[in-house]
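>>> Next comes the sequence, and after it the predicted model I'd like to discuss.
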Amino acid sequence: MQWHSAADFFAMGGYAVYVWGSVGVCAVAMAVEPWLLRRRHRQLVTAVRRRGHGNAANRLAHAPMPGQRRRQAA
């Protein structure tokens with residue numbers, strides 16, 4: 001598809017509401033997902049610590065989040 005102006009591009013041939021709405025929903029989902037994962041991880045660590053599983057809680061608390069590197073021991 002060829003556009004003759006920026007307005008034509010943003011209009012998306014009359015389907016702008018569907019196209020840009022989809023882009024917006026995906027962008028929001030991708031922005032919120034890491035925050036929700038971190039929040040859930042903290043909740044799990046707190047729950048394990050409350051149960052008194054000392055070693056398991058310590059390992060879980062220091063476990064890297066997905067995409068992070070594991071810390072090197074000094």
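Happy to help now that I have it.

>>> Now Ala11: which helix or strand?
Secondary structure assignment for Ala11, by DSSP states H and E: helix 6-11.

>>> Show me what that helix is in contact with.
Trp3, Ala16, Trp20 (Cβ atoms under 8 Å, 6 or more residues apart in numbering). Where C-beta positions appear, they are placed from N, C-alpha and C, glycine not excepted.

>>> which among the residues you listed gets closest to Leu44?
Trp20 (36.5 Å; Cβ to Cβ).

>>> on that earlier part again, okay, and which of the contacts of helix 6-11 map to strands?
Members of those lying in strands (criterion: DSSP state E): none.

>>> pLDDT value on Gln68, please?
With respect to pLDDT, Gln68 scores 66.

>>> now swap in the one 3 residues further on and tell me
In this model, Arg71 is scored at 61, pLDDT.

>>> do Phe9 as well
With respect to pLDDT, Phe9 has a value of 83.

>>> Neighbours of it, how many?
13 (other Cβ atoms under 10 Å).

>>> Any regions of the chain where pLDDT drops low?
In the predicted model, the chain carries pLDDT under 70 at residues 1, 53-74.

>>> could you say what helices and strands the top helix by length along it packs with?
When the chain is scanned for its longest helix (criterion: DSSP state H), the result is helix 16-51. Packing partners of helix 16-51 (3 or more Cβ pairs under 8 Å, 6 or more residues apart in numbering; DSSP states H and E): helix 54-61.
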